[in-house]
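Engineer: Quick one, structure for this:
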Amino acid sequence: QWCDAHHGTPWWQGGHTSLANTALLCGRHHTLVHDRDLTCTITDTHVTWHL
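Structural biologist: Numbering: from 1, shown residues only. As a prediction, this is how the structure comes out:
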């Protein structure tokens, strides 16, 4: 309940709502990702954030 699911590729850009396309973030960091317009690469083992 403390996590938000962030889409790596947004649904409006053709991204799917799936475990392979989401990263779990707390509300504060989810807001930060959107405010700073960060992108990410999601693999089976980790998420890499790009500035």
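Engineer: For this structure, which segments are assigned as strands?
Structural biologist: Read by DSSP state E, the chain holds these strands, from start to end of the chain: 3-7, 22-26, 39-42, 47-50.
Engineer: Indicate which one of these is closest to His16.
Structural biologist: If you check each of the strands of the chain against His16 by CB to CB, strand 3-7 wins as the nearest, at 8.4 Å. (Each C-beta comes from the backbone N, C-alpha and C, glycine too.)
Engineer: Quick check: mean pLDDT of that closest one?
Structural biologist: Strand 3-7 shows a mean pLDDT of 96 in the predicted model.
Engineer: In CSV, list the strands of the chain along with mean neighbour count.
Structural biologist: What follows is the strands of the chain, written out as CSV (neighbours: other CB atoms under 10 Å):
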stretch, mean neighbour count
strand 3-7, 15
strand 22-26, 16
strand 39-42, 14
strand 47-50, 11
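Engineer: These: which one's closest to Gln13?
Structural biologist: Of all the strands of the chain, the one in closest proximity to Gln13, counting by CB to CB, is strand 3-7 (8.8 Å).
Engineer: what angle sits between that closest one and strand 22-26?
Structural biologist: Relative orientation of strand 3-7 and strand 22-26, computed by axes from the mean of the first three to the mean of the last three CA atoms, to 10 degrees: 140 degrees.
Engineer: need the strands of the chain in JSON lines with distance to Gln13, can you?
Structural biologist: Below are the strands of the chain laid out as JSON lines (distance: least, CB to CB, whole Å):
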{"stretch": "strand 3-7", "distance to Gln13": "9"}
{"stretch": "strand 22-26", "distance to Gln13": "14"}
{"stretch": "strand 39-42", "distance to Gln13": "11"}
{"stretch": "strand 47-50", "distance to Gln13": "15"}
